[in-house]
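Chemist: structure of the sequence below:
(chains A and B)
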Amino acid sequence: MDFAASFALVIPELLLTATGLVLLLVAAWGGDKAARPIAIIAASALFAAGIAIVPAQHVGAVGPATLAFGGLIKVDTFALFAKALIYLAAIGALIIAPAFFAGPAAGTERGMRAEYPVLVLFATVGMSIMVSANDFMSLYLGLELNSLSAYVLAAILRRDTRSGEAGLKYFVLGALASGILLYGMSLLYGFTGGTSFAAVRAGLTGEMGTGALFGVIFVLSGLAFKISAVPFHMWTPDVYEGAPTPVTAFFATAPKVAAVGLTARVVFEVFGGQVTAWQQIVMFMALASIVFGALGAIGQENLKRLLAYSSINNIGFILLGLAVANAEGASAMLVYLFIYVAMSLGCFVALLMLRDEDGALFETFADIRGLSVTRPAIAWVLLLMMFSLAGIPPLLGFYAKFVIFQATIEAGLVAFGAIAIAASVIGAFYYIKFVKVMFFDEPAGVVTGKSGPAHWVLLFLTAAIISPLGYLLTPSLTVLADKAAASLFLAV
Amino acid sequence: MEGLPILSLMMCVPLAGAIACLFSGANAARWIALGATLVTFVLGILLWANYDVGGPQWQFTEKANLFAGFSYALGIDGIALMLIMLSVFLMPVCILASWESVTKRVGEYMAAFLFMEVLMIGTFAAQDLFLFYVFFEAGLIPMYLIIGVWGGDNRIYASYKFFLYTLLGSVLMLIAMFWMVAQADTSDIPTLMQYGFPREAQTWLWLAFFASFAVKVPMWPLHTWLPDAHVQAPTAGSVILAGVLLKLGGYGFIRFSLPMFPEASAQFAWLVFALSMIAVVYTSLVALVQADMKKLIAYSSVAHMAIVTVGLFAFNVQGLEGAMIVMLSHGLVSGALFLCVGVIYDRLHTREIARYGGLAINMPYYALFFLLFTMASIGLPGTSGFVGEFLSLAGIYQTSSTVALICTTGIILGAAYMLYLYRRVAFGGQTNEDAAAMPDISAREWIMMAPIAAAVLWMGVYPESFLAPMRKDIAVLDARLAAAAPAGDARLAPGTPRAGAANALGHHGAGHEGMEHESAKEGAH
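Modeler: As a prediction, the model looks like this:
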């Protein structure tokens, strides 16, 4: 394969990288005054990158033609599906940011910093590489590009101590996780003699030695940290709470998609021959995430912390699809991811729209009491989001759980599915508490919440997706997810 | 009517009404809601009028593959028809009941009720397993809001309990549904009703479905959510809960548990009987000592629904027909009783029985209606309650005389607590001045009560109207259950049927022969 063909496969990444570099120069000379145009150009670049992958997605790219740079990168339908989702989530994170940074919630330094959209772009490039990695080297490259951008994003409000704390915690724990991952990769390299996924897979046949098994476990642990699955979830509530809300929205969506996509690729393509070795680990992580995510959320008063636990809980369901270890499970997982992104984005947009008279953001349950009287539209959308997250039909969140559990049961994991679904009822408790606070309690105070049209559009768009109308999307979504999941298993 | 998707239409009208209510003011919302429910009721009458009794089992079928994973398939048989009629009949009454008592957030309240109506019709009409689940479970959202926003003082606890109890029951059913669909490779309910699941699997599937339906019905000891939810819900909410939502459990048994897992149903019949017997006696005794009217009626609902469950698991035609009639009758009667409580609650704002007394003096018409519904609840002949309870108990007698014996005490205890309630509220001296000053029922309340009273009497005097549409479906179900039916202990030996009709006029014993002679002569012509 010549270089031109390789470059053709990574057009979206090239486009995003080039835009990011140019915008970095613009930011350096233009300063924060240029933040808004930079954000618009960044969003357009993401949109263009999204458009660029449509044809290949449509054709259903599989096989050797999807390999670039000597097998370092693999742009199959799975990568394309994940990329589309990542770009959409990143666009969302860019749209909701300016209004937040312009308000007093951003602390003493008003206005969006010009670096914000650039960092989002670089993080997105990193995620693109993560989901299309076909070699441990490119995997690590993408992961670190994403993580380093994310650390800075978490701490972007320099004078806000909580933001700084979030950034530092994320960095320290993230570095630890990267170290664990790297150690696992080195073990695998040592025991199999290669870094490419195919080579490691070839080396992992038959009876697995202790060293290789440790490699598998370390790699999975490192990845579990990135997707914040229990028992590697401790950083999530702190980082979610401390980071500026648009950044939290970004963390809850795009990097989750990328990390889950990466995990799926690693377990199927690298450890595909050793299903029993990793299936139990993923099963444990899935159940533990569902249970601890739900239990942890019950006592929370802070809304962002609550959503952090909710995301841990949701990751549990996503891992459930992964634990099934077949194409249906992977497809269900992708459908879940799509719906999860819509729900998370909707929740965070709604939170961003709620301010008191001074413009400060609402953070706790006490602030949103009686929201249905003061801000009915937002309260109703949040109600839909909460019931959807709880998986109550007819909202689309039910469909997400529906496909996951269908795959679980069809694979014969009946007891596993029954335990997981019973545990999901615990989760319903704090979602309906959210509704209770908004609808049953007396109003707490004045909510002005003047929001720009961008917020409203995004809010209603996500609400429409998760409303019963979203079911009309499911046939095409299923086709795309099936294609994407099938490409994971064609590698064998 | 050919080709008109009447079931979809019946769901679209309240849906459109609900959306309109959300965006309109208080008074407009009331009229929109009333209009929408009345139009739906008229459509319901059209549905019944066009239902071909004795025709194909599934009528008014619609099918569209709109979604991935399951299809939008609707269709009804006689059983579903009757329950849909019950829902659309009670809905306008509920709207009227909330006309004056609900003053805050009227638009959202009416919208919640109309959504509820859409979901109830959908649940009864769904012909796809997952579509059924969607409608069945979605009802949690409006009901949670109705209890939580417009309920009484302890509404938050009650709404949580209602939500989590029912959700936990339902999710296990969902797991069973996945397994069934994976096994049978279809989610079409009529096909699944004829599918033979393996014997061992049936046990687990039955238990999973039981978890859901036993909570909904509710069966002792899973009934504790019901008194809380009923007491805290606003009047119309209680009417819908008692009138229709409890029937979802009974409908679930008759539509899923019995035909899909006949062997497991026979195996677990004794579990159902045991729980029902305890429920009948225990909750009746609990009802006897209640000081709160709504709580008393709520406990009586548990006892009545236990008669439904024994009837269903009697495995014979009488039992099944009786269970269906008890469900319809209980829907009307307990709904009407909650309305009766609502009427005086609106005036005095207390549900405490001791605060009333002697209402027959200052509210004679109210006392009349209350008496009728009390008697119907007891099961007085001539009212709907009698027909249902008689058939159910006759059915269960064939299976087990012990169960019949114990469940029949429920009728006696029922008479005790209902008459005791009636005496304390309507008869006796006027002990409380404010209660004595209450005006009799208004025109609006007349309009609410009179149709229910008429329906109760109709069902009591001529139950054939209600039994006829269901007869064929129940016969089909009975045939399906025949193989698994447990041997009864009654061993009834049918005698030789008499030659003439039961109501044939005989003249001094010889008239019989004369008539036969005449008919023989006619035949000779």
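Chemist: and the strand or helix carrying residue A:477, C-alpha only, in PDB?
Modeler: Element membership for residue A:477, per DSSP states H and E: helix A:474-490. Extracted in PDB, the C-alpha atoms of helix A:474-490 (Å, rounded to 0.1, in the frame of the first residue of the first chain):
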ATOM      1  CA  THR A 474     -33.500   2.600  15.500                       C
ATOM      2  CA  PRO A 475     -33.700   0.600  12.200                       C
ATOM      3  CA  SER A 476     -30.900   2.700  10.500                       C
ATOM      4  CA  LEU A 477     -28.900   2.900  13.800                       C
ATOM      5  CA  THR A 478     -29.100  -0.900  14.100                       C
ATOM      6  CA  VAL A 479     -27.900  -1.400  10.500                       C
ATOM      7  CA  LEU A 480     -24.900   0.900  11.100                       C
ATOM      8  CA  ALA A 481     -24.000  -0.600  14.400                       C
ATOM      9  CA  ASP A 482     -24.300  -4.100  13.000                       C
ATOM     10  CA  LYS A 483     -22.000  -3.300  10.200                       C
ATOM     11  CA  ALA A 484     -19.500  -1.700  12.600                       C
ATOM     12  CA  ALA A 485     -19.700  -4.600  15.000                       C
ATOM     13  CA  ALA A 486     -19.300  -7.100  12.200                       C
ATOM     14  CA  SER A 487     -16.100  -5.500  11.100                       C
ATOM     15  CA  LEU A 488     -14.600  -6.100  14.500                       C
ATOM     16  CA  PHE A 489     -15.000  -9.800  14.000                       C
ATOM     17  CA  LEU A 490     -13.800  -9.900  10.400                       C
END
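Chemist: any idea of the pLDDT on the nearest residue to residue B:326 once chain neighbours are set aside?
Modeler: Leaving aside its chain neighbours, residue B:326 sits nearest to residue B:388 (3.4 Å; criterion: C-beta to C-beta, 6 or more residues apart in numbering or on different chains). Where you see a C-beta, it was placed from the backbone N, CA and C, and this is true even at glycine. If you check residue B:388, the pLDDT there is 90.
Chemist: could you do residue A:445 as well?
Modeler: On the pLDDT scale, residue A:445 is placed at 69.
Chemist: now do the same contact list for the residue most central in space within chain B.
Modeler: Nearest to the mean C-alpha position of chain B, counting by C-alpha atoms, centre = their mean, stands residue B:327 at 3.6 Å. Residue B:327 makes contact with B:83, B:247, B:250, B:251, B:308, B:388, according to C-beta atoms under 8 Å, 6 or more residues apart in numbering or on different chains.
Chemist: got the contact list for the last one?
Modeler: Neighbour list for residue B:388: B:307, B:322, B:323, B:324, B:325, B:326, B:327, B:328, B:329, B:330, B:379 [criterion: C-beta under 8 Å, 6+ apart].
Chemist: check the offset of the helix or strand containing the second one from the chain's centre.
Modeler: Using DSSP H and E, residue B:322 sits within helix B:317-348. The gap between where helix B:317-348 is centred and where its chain is centred comes out at 8 Å by C-alpha atoms, centre = their mean, to the nearest Å.
Chemist: so which residues of the chain form strands?
Modeler: Since you didn't name a chain, this refers to chain A. In chain A, the strands defined using DSSP state E lie at A:67-68, A:73-74.
Chemist: switch to chain B, that's the one I care about
Modeler: Assigned by DSSP E, the strands in chain B fall at B:59-64, B:72-76.
Chemist: what lies in contact with the shortest one?
Modeler: The reference is to strand B:72-76. Contacts for strand B:72-76 (C-beta under 8 Å, 6+ apart): B:5, B:7-8, B:47, B:51, B:58-66, B:84, B:122, B:124-128, B:131, B:188, B:190.
Chemist: residues contacting the closest residue to chain B within the stretch 101-250 of chain A?
Modeler: Using C-beta to the nearest C-beta, the closest approach of the stretch 101-250 of chain A to chain B is made by residue A:230 at 20.8 Å. Residues in contact with residue A:230, defined by C-beta under 8 Å, 6+ apart, are A:285, A:288, A:289, A:291, A:292, A:293, A:312, A:316.
Chemist: before we move on, back to that, want to throw the contacts of residue B:388 into a markdown table with pLDDT and distance to residue A:44?
Modeler: Shown next, in a markdown table, are those (pLDDT from 0 to 100; distance: C-beta to C-beta, whole Å):
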| residue | pLDDT | distance to residue A:44 |
| --- | --- | --- |
| B:307 | 91 | 68 |
| B:322 | 92 | 70 |
| B:323 | 92 | 65 |
| B:324 | 92 | 63 |
| B:325 | 92 | 67 |
| B:326 | 92 | 66 |
| B:327 | 92 | 61 |
| B:328 | 92 | 62 |
| B:329 | 93 | 66 |
| B:330 | 92 | 63 |
| B:379 | 88 | 74 |
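Chemist: between those, which is closest to chain A?
Modeler: residue B:327 (24.2 Å).
Chemist: number of nearby residues for residue A:51?
Modeler: 12 (other C-beta atoms under 10 Å in any protein chain shown).
Chemist: over to residue A:205?
Modeler: 10.
Chemist: how far away is the residue lying closest to it once chain neighbours are set aside from chain B?
Modeler: Sequence neighbours aside, residue A:273 is the residue nearest to residue A:205 in space, at 5.3 Å (criterion: C-beta to C-beta, 6+ apart). Distance, residue A:273 to chain B, using C-beta to the nearest C-beta, to the nearest Å: 27 Å.
Chemist: ok, residue A:273 - contacts?
Modeler: A:201, A:204, A:205.
Chemist: next one, pLDDT for it please.
Modeler: 81.
Chemist: fine by me, we can end here.
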